[in-house]
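*Asks:* can you look at this prediction? I've put the sequence above it.
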Number of protein chains: 2
Amino acid sequence: MISNKMQSLVANSSVIRAMFDEGKRLSKIYGEENVFDFSLGNPNVEPPEVIKESIKDILDNEVATYVHGYMNNSGFEDVRTTIAEHESKKHGMNISFESIVMTVGAAGGLNIIFKTLLNPGDEVITFAPFFGEYRAYSANYDANLVVVEPDIDTFEPNIEALKSAITPKTKIVIVNSPNNPTGVIYSDAALTKLAEVLKQKEEELGIDIFLISDEPYREIVYDNAEVPCLLKYYKNTIIGYSYSKSLSLPGERIGYLVVHPEIADFSDVMGSLNVANRILGFVNAPSLFQRVVAKNLNAEVDVNVYKKNRDALYNHLVSIGFECVKPQGAFYLFPRSPIADDKKFCEDAKQFNLLLVPGSAFGCPGHFRLSYCISYEKIINSLPAFDKLIALYK
Amino acid sequence: MISNKMQSLVANSSVIRAMFDEGKRLSKIYGEENVFDFSLGNPNVEPPEVIKESIKDILDNEVATYVHGYMNNSGFEDVRTTIAEHESKKHGMNISFESIVMTVGAAGGLNIIFKTLLNPGDEVITFAPFFGEYRAYSANYDANLVVVEPDIDTFEPNIEALKSAITPKTKIVIVNSPNNPTGVIYSDAALTKLAEVLKQKEEELGIDIFLISDEPYREIVYDNAEVPCLLKYYKNTIIGYSYSKSLSLPGERIGYLVVHPEIADFSDVMGSLNVANRILGFVNAPSLFQRVVAKNLNAEVDVNVYKKNRDALYNHLVSIGFECVKPQGAFYLFPRSPIADDKKFCEDAKQFNLLLVPGSAFGCPGHFRLSYCISYEKIINSLPAFDKLIALYK
């Protein structure tokens, strides 16, 4: 009875569910403490304590029908103004509240962008490895996802390959930095080249190409790394931000878009994002949490918890022979699989109670993803299992 | 630059924005207290006090990474179980947690249903007058909305007209009771006939037709009126519920679906609703409010506030010559316009600082909608303006 489009999506999702069920099955047999589930990107670091205090403060001091009520589909104007000032200061730019749309997380934000920009048959380009949901988001609007092959030595965007991927049907290029699954932050040099190519192709083909920056991991960075702001490289840019990771609030579905003030047809784009928020059924970003995040612009989770995990896991894996680009952000490692068949490798891992995700799920076979947003203790306890796993191939 | 589909939607929405701006313009000239805005369905009754206490209680006593974290895309299992028990008891049925999907309000719920069921070219039938968003929700999935002409004497669903509207392409019939814009509760007699027609047509055409019941106003009823439960009439039924009105939480985007346990292909439908919640970008219903509503299943707003408004406005309008079906639910009146051209009538109303919505916006010209979820004082103060308005046509 379900629609043709949903049939294959439901079939695919049952693969993920199967992994989840496998985790539960193993936990039952070996005990939860002996199963090492590196498959989920669910933050394990507590939200900052100020979040709780802010919620109580808002409930006690603001008018309930306002706090929980409808507002403009793009969000509370005072919240949008506060966030615009924050973004302006952060990037040394002049961004007004009219550039901000409060969204149901980054996923909601990306969907209203795609709904706004894409006609059937349009092309959305992304760089492998990429967050698998981009394929579904493109299909929602009958657009085709075009995957640019990875540069597996650095996991920087492969700019040469991008050049030949752009066609007259290209409407969107979407990037995700710090990246899921690699943790790599795209460099200033790579982004400069990327913007040059886009400008050149826009002119050559007489089209507008929109650069979408999916930034849920912007604040999860290590070693004082800087995340370059794409608004500074290219005018046809929209940032999709989310508090899911930066404040450990993934279930609350709160984020926002920043639209470049000089984007093509600014007013039409903003009008359409507003309407798309309504008609896709989001209506507006959850109202209480709009007010909460506006009060906590400088709050952050303790990134050192993740850093400690990264260091322990990365150092051990490299010491026993895994090859891996050292990530400077997010909470993932994306090592090379010791065998070409990453799906078989992840199957093999299960015998040591290790749950890993094949790189194929991110358009990058021959690798695997580890989410290290689990307890440090669990990471330390898992290390011998990796020793046994790699020994299989020696 | 925006997509073809969005262009007309953005143009239409600017009409609504124009009305909003007109309200602001009039308020500036005449003072806000002298402008009578009956155009918006934003609840003005406070959420029950227990909501605030529950939020604080959850923040103080549950684990923050759990409360604000990811869960199954269909919602927390304990929340779904609690709601299933509540629905089972309310309707005397046996509904399990597997029939429940927590959604981003009713709008989010309807979108995941439409995504699940509709192929391009399918038909969605609704009864005029209807909530205008159904047209956009259908268009999101390239389906066509088929509007059954109204029975303007009762505003009950026009079952005879339904018979001829059903074709082999019919996939969904969507009803909304208590109704926006009429406030009418569809009767047991009408729903019995409706279900009979659907069963007969399913058999005759060899198709499945799904009945979707959009029920955000289920708890907003007067005079001890009962709202019949559609699950009891027809197996291929899904209820879309929302707490926007029943708990005055429209900005929080929290609701749920109840899928009939005997719906065709139950397990595929549930799997698809789950995946649709994820890929459309909702991901899950806001997590804190899932936990809040599960703790307050019997909480309700003070419906007497709305009833007092209804009575004052309905009695006055009828006494001065407006014709109107007396509503038993929701917070709208839908009187007949004294002139056939409802748009001109609503234009005329503006000279008395009355902001009304033409019935044309609900597929029912010759009428107009009043939202009476504003203060009682404002309603009383507006009455002389209606006297002047109707005098124009005498």
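*Replies:* Perfect, I can see it now. Numbers count the residues shown, from 1 in each chain, chains lettered A, B, ... in the order given.
*Asks:* quick check: buried residues in stretch A:332-351?
*Replies:* Of the residues in stretch A:332-351, A:332-338, A:342, A:345-346, A:348-350 count as buried by neighbour count, 16 or more other Cβ atoms under 10 Å in any protein chain shown. Quick note: C-beta positions are derived from backbone N, CA and C, even for glycine.
*Asks:* got the domain ranges for chain A?
*Replies:* Annotated domains of chain A cover A:4-47+A:301-391, A:49-294 [automatic domain parsing].
*Asks:* near chain B, anything from the shortest one?
*Replies:* Yes. With Cβ under 8 Å from any Cβ of the partner chain as the threshold, domain A:4-47+A:301-391 lies in contact with chain B, specifically through A:4-6, A:9-10, A:13-14, A:40, A:42-47.
*Asks:* and the residues you listed as JSON lines, adding neighbour count and secondary structure?
*Replies:* Formatted as JSON lines, the residues of domain A:4-47+A:301-391 next to chain B follow (neighbours: other Cβ atoms under 10 Å in any protein chain shown; DSSP: H, G, I helix; E, B strand; the rest coil):
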{"residue": "A:4", "neighbour count": "9", "secondary structure": "helix"}
{"residue": "A:5", "neighbour count": "21", "secondary structure": "helix"}
{"residue": "A:6", "neighbour count": "24", "secondary structure": "helix"}
{"residue": "A:9", "neighbour count": "21", "secondary structure": "helix"}
{"residue": "A:10", "neighbour count": "23", "secondary structure": "helix"}
{"residue": "A:13", "neighbour count": "19", "secondary structure": "helix"}
{"residue": "A:14", "neighbour count": "13", "secondary structure": "helix"}
{"residue": "A:40", "neighbour count": "16", "secondary structure": "coil"}
{"residue": "A:42", "neighbour count": "18", "secondary structure": "coil"}
{"residue": "A:43", "neighbour count": "25", "secondary structure": "coil"}
{"residue": "A:44", "neighbour count": "20", "secondary structure": "coil"}
{"residue": "A:45", "neighbour count": "21", "secondary structure": "coil"}
{"residue": "A:46", "neighbour count": "16", "secondary structure": "coil"}
{"residue": "A:47", "neighbour count": "23", "secondary structure": "coil"}
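*Asks:* tell me the two of those that are most distant?
*Replies:* A:4 and A:46 (43.4 Å; Cβ to Cβ).
*Asks:* those strands in chain A, which residues are they?
*Replies:* Taking DSSP state E as the test, the strands found in chain A are A:36-37, A:100-103, A:123-127, A:144-148, A:170-176, A:210-214, A:237-242, A:255-259, A:332-333, A:354-355, A:357-358, A:368-371.
*Asks:* the third one pairs with which strands, parallel or anti?
*Replies:* Partner strands for strand A:123-127, per DSSP bridges, with pairing direction: strand A:144-148 (parallel), strand A:170-176 (parallel).
*Asks:* what's the most buried one of these?
*Replies:* Compared across the strands paired with strand A:123-127, strand A:170-176 shows the largest average neighbour count, a mean of 24 (mean count of other Cβ atoms under 10 Å in any protein chain shown).
*Asks:* any idea how far that one is from the chain center?
*Replies:* Centre-to-centre, strand A:170-176 and its host chain are 14 Å apart (Cα atoms, centre = their mean, to the nearest Å).
*Asks:* mean confidence for that strand?
*Replies:* Average pLDDT, strand A:170-176: 98.
*Asks:* now do stretch A:191-201
*Replies:* The model assigns stretch A:191-201 a mean pLDDT of 98.
*Asks:* send the alpha carbons of it over as CSV?
*Replies:* Below are the C-alpha coordinates for stretch A:191-201, written out as CSV (Å, rounded to 0.1, in the frame of the first residue of the first chain):
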residue,chain,number,x,y,z
LEU,A,191,37.2,26.1,0.1
THR,A,192,38.9,29.0,-1.8
LYS,A,193,39.3,26.7,-4.8
LEU,A,194,35.8,25.4,-4.4
ALA,A,195,34.3,28.9,-4.5
GLU,A,196,36.5,29.7,-7.5
VAL,A,197,35.2,26.7,-9.4
LEU,A,198,31.6,27.5,-8.6
LYS,A,199,31.9,31.2,-9.7
GLN,A,200,33.6,30.1,-12.9
LYS,A,201,31.0,27.5,-13.7
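*Asks:* is that stretch in proximity to chain B?
*Replies:* No. Using Cβ under 8 Å from any Cβ, stretch A:191-201 stays clear of chain B, coming no nearer than 14.7 Å.
*Asks:* grab the nearest non-local neighbour of the spatially most central residue of chain A.
*Replies:* Centroid check for chain A by Cα atoms, centre = their mean gives residue A:216 as the closest residue, at 4.9 Å. Ranked by Cβ to Cβ, 6 or more residues apart in numbering or on different chains and with sequence neighbours excluded, the top spatial neighbour of residue A:216 is residue A:242, at 4.1 Å.
*Asks:* any idea what that neighbour is bridged to?
*Replies:* Here residue A:242, judged by DSSP bridges, has bridge partners residue A:255.
*Asks:* what would the strands of chain A look like in JSON lines with distance to residue B:112?
*Replies:* Formatted as JSON lines, these follow (distance: least, Cβ to Cβ, whole Å):
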{"stretch": "strand A:36-37", "distance to residue B:112": "27"}
{"stretch": "strand A:100-103", "distance to residue B:112": "17"}
{"stretch": "strand A:123-127", "distance to residue B:112": "22"}
{"stretch": "strand A:144-148", "distance to residue B:112": "22"}
{"stretch": "strand A:170-176", "distance to residue B:112": "23"}
{"stretch": "strand A:210-214", "distance to residue B:112": "22"}
{"stretch": "strand A:237-242", "distance to residue B:112": "20"}
{"stretch": "strand A:255-259", "distance to residue B:112": "20"}
{"stretch": "strand A:332-333", "distance to residue B:112": "28"}
{"stretch": "strand A:354-355", "distance to residue B:112": "28"}
{"stretch": "strand A:357-358", "distance to residue B:112": "25"}
{"stretch": "strand A:368-371", "distance to residue B:112": "26"}
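*Asks:* just to revisit the earlier point, would you mind putting the strands paired with strand A:123-127 into a markdown table with distance to residue B:132 alongside?
*Replies:* Listed next are the strands paired with strand A:123-127 as a markdown table, based on distance: least, Cβ to Cβ, whole Å:
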| stretch | distance to residue B:132 |
| --- | --- |
| strand A:144-148 | 32 |
| strand A:170-176 | 29 |
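*Asks:* residue A:361 is nearest to which of those?
*Replies:* strand A:144-148 (12.5 Å).
*Asks:* which stretches of chain A have low pLDDT?
*Replies:* Residues of chain A meeting the criterion pLDDT under 70: A:14-16.
*Asks:* quick one: residue A:198 from residue B:183, how far?
*Replies:* Applying Cβ to Cβ, to the nearest Å, the value for residue A:198 to residue B:183 is 53 Å.
*Asks:* please disregard the earlier target; I meant residue A:390.
*Replies:* Distance of residue A:390 to residue B:183, computed by Cβ to Cβ: 68 Å.
*Asks:* likewise for residue A:63?
*Replies:* Separation of residue A:63 from residue B:183 (Cβ to Cβ) stands at 27 Å.
*Asks:* neighbour count winner among those two?
*Replies:* Ranked by neighbour count (other Cβ atoms under 10 Å in any protein chain shown), residue A:63 and residue B:183 place residue B:183 first, with 29 against 9.
*Asks:* was I right to think the more buried one contacts residue B:314?
*Replies:* No. Using Cβ atoms under 8 Å, residue B:183 makes no contact with residue B:314, being 9.4 Å away.
*Asks:* what do these two both touch?
*Replies:* Shared contacts of residue B:183 and residue B:314, defined by Cβ atoms under 8 Å, 6 or more residues apart in numbering or on different chains, comprise B:327, B:333.
*Asks:* perfect, I'm done here.
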